[in-house]
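# What follows is a predicted structure for the sequence shown.
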Amino acid sequence: MVKSIVLIPTILSTLLPSLPSGNNFNPPIQNADPVSIIQWDIDDATKTSTQTLINQNGNAYIGANISKYNINKANNYINIKETTYTQTIQINNSYNSIHKIQNYYDYNAIRYETSALIITEITTYSGLTNNTIDYKISLLNNNHLNTYPLIYTDIIQYKTNNDLSEYINQTNYAILNNQLAIFTNITNNYSYTQTQNIDDIEIDESFKMTTNIQLNNIWKTYMITYVKWIDTTLEELTITGYPIDNDLITMDTGEIFGSIYVGSGYEYVDIPNLMFTILTLPFSFITQAFNITLFPNTPYSINIGNLFLSIVAIILLMWLLQKIIGFFNKA
C-alpha cells in the first residue's frame, strides 16, 4: 500500500507535463487541398429595380436607383441563396443634360448613400472543411461611366447562424435606405461574428475579398456584407445618357473553397477524430472558459484552465490507483 502511494508523485510528474494547455485540446482538422465547391456570378442573378425621387432643385432631379439582385444556385454539396440590395444616388439635370452618380445626398436631415448590402445564405449537405469564401465586389458601369472608376469604400462583414431567411429576396425592397435599414436591423437583433472590417479601401473592377470561415454541416450559415462609398467628403462620377436603372456597387462573383472527403461512392467520415472530439469536449470547455493567466510574466504565473485540468487529472489518477491497489490487496 505504502509503495503504491509513493508512486503517485512519480506518475504525476510524468503525466501533468503532457496535458494540453490553452486551446490545444481541440483535435486538428484533417488537412486536404481546398478545391472550388461552388461559384456564382451576377449573370446568374434576377435583377429588379426602381427609381425614387428624393428632391428637385430647379432643373436638377436628385433620386436613387434601388435594385435587387437575387441568386439561387446549388450542387450536391451546397446551396447558395444570395440577395444584393443596392442604392445609387443620381443627380440628373434636364437643362444641361449632365448626369452624375454621387456618394451621398443629404435632405431633410436624412443622408441617402450609395451602398450595397449582400446577404448570402449557405446551406451545406456534406462534410466540408478548410472553407474560404471569395467575394468579388463589382463596380458596374454598364457603359454609362466615361472611365472605369476607382472609388474608396468602407466594408464590414458579419457571419451568423441565426435564421435570416426573411431578408432574402424581399418583395418590399424598393424603399429609400432599405439596404441600410436591413443591415441595422440584423446587427441590432441577431448575434454574429465579425469577419471583416475594412475602412477606406480602394476598389475597382478586379477587387476581391477573401473570408476564412468554417461552415456548419447540415445547417445554414449567413454572411452579411455591407459596402459603402465613403462619405467623408462629397464625391461624384459623371455618367453619359440617362441611365435611370444604373447601379454602381454590387456583388460580381462569389466562390466557396473547401475540402470534400468522398470516395467509392460514399462520404468519408473520420470516426477517430469525431470520437476524440466528443471525449474532449468537457476539457476543451474548461481550457477555453477559464483560459486566464494570473501573475503573467512572473515566476508565479499560473493558468486557471491548466490548474483545473491538473486537479481533474490528479483526482482521476488517484481514483484509478485506488482501484488498482484495491484489486491487488484483494488478490
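Perfect, I can see it now.
# going forward, measure contacts between C-alpha atoms and count neighbours the same way
Fine.
# which stretches of the stretch 151-300 of the chain form helices?
178-189, 271-289 (DSSP state H, counting those that start in this stretch).
# which of those has the lowest average pLDDT?
Ranked by mean pLDDT, those bottom out at helix 271-289, with a mean of 66.
# Now residue 100: closest residue in space that isn't a chain neighbour?
Spatial nearest neighbour of residue 100, chain neighbours left out: residue 238 (4.5 Å); criterion: C-alpha to C-alpha, 6 or more residues apart in numbering.
# wait, doesn't the one you found sit right on residue 99?
Yes. If you go by C-alpha atoms under 8 Å, residue 238 and residue 99 touch, sitting 6.1 Å apart.
# would you say residue 88 is within a strand?
Yes. Per DSSP: H, G, I helix; E, B strand; the rest coil, residue 88 lies within a strand segment.
# so it bridges to which residues?
For residue 88, the beta-bridge partners under DSSP bridges are residue 65.
# wouldn't it be in contact with residue 248 here?
Yes. Using C-alpha under 8 Å, residue 88 makes contact with residue 248 at a distance of 6.3 Å.
# list residues touching both of those two?
Shared contacts of residue 88 and residue 248, defined by C-alpha atoms under 8 Å, 6 or more residues apart in numbering, are found at residue 114.
# Please name the bridge partners of the closest residue to residue 168 other than its chain neighbours.
Excluding the flanking residues, the one nearest residue 168 by C-alpha to C-alpha, 6+ apart is residue 83, at 5.7 Å. Going by DSSP bridges, residue 83 is paired in beta bridges with residue 70, residue 119.
# could you list every residue that touches residue 83?
Counting by C-alpha under 8 Å, 6+ apart, residue 83 has contacts 68, 69, 70, 71, 118, 119, 120, 168, 169.
# at 10 Å what do you get?
By C-alpha atoms under 10 Å, 6 or more residues apart in numbering, the contact set of residue 83 is 45-47, 68-72, 117-121, 167-170, 251.
# list the buried ones in stretch 94-111?
Within stretch 94-111, the residues that count as buried by 16 or more other C-alpha atoms under 10 Å are 99, 100, 101, 102, 103, 104, 105.
# my guess is residue 133 meets residue 258, correct?
Yes. Residue 133 sits in contact with residue 258 when judged by C-alpha atoms under 10 Å, with a separation of 8.9 Å.
# Please read off the pLDDT at the residue nearest to residue 168 from the model.
96.
# likewise residue 41?
At residue 41, pLDDT is 88.
# Pairing partners for the nearest residue to it once chain neighbours are set aside in the sheet, please.
Counting by C-alpha to C-alpha, 6+ apart, residue 41 lies nearest to residue 253, which is 4.0 Å off, once chain neighbours are set aside. Judged by DSSP bridges, the bridge partners of residue 253 are residue 41, residue 136.
# so who does residue 253 touch?
Contacts of residue 253 were listed using C-alpha under 10 Å, 6+ apart, and they are 39, 40, 41, 42, 43, 44, 134, 135, 136, 137, 138, 208.
# isn't the fifth one right next to residue 254, touching?
What that stands for is residue 43. No. Checked against C-alpha under 10 Å, the pair residue 43 and residue 254 is beyond contact range at 11.5 Å.
# Between these two, which is the more surrounded one?
Using other C-alpha atoms under 10 Å as the criterion, residue 43 and residue 254 rank with residue 254 on top: 21 against 11.
# quick one: that one from residue 92, how far?
Separation of residue 254 from residue 92 (C-alpha to C-alpha, to the nearest Å): 33 Å.
# now swap in residue 317 and tell me
For residue 317 relative to residue 92 (C-alpha to C-alpha), the value is 80 Å.
# Of these two, which one has the most company?
residue 92 (22 against 16).
# wait, is the more buried one part of a strand?
Yes. The assignment for residue 92 is a strand, going by three-state DSSP.
# Am I right that it is in contact with residue 98?
Yes. Counting by C-alpha under 10 Å, residue 98 is a contact partner of residue 92 at 6.2 Å.
# Just say helix, strand or coil for residue 48.
Assignment for residue 48 (three-state DSSP): strand.
# Look at it and say how many residues are nearby.
15.
# quick one, what contacts it?
Counting by C-alpha under 10 Å, 6+ apart, residue 48 has contacts 66, 67, 68, 69, 70, 85, 171, 173, 174, 245.
# Can you pick out the most distant pair from these?
171 and 245 (17.8 Å; C-alpha to C-alpha).
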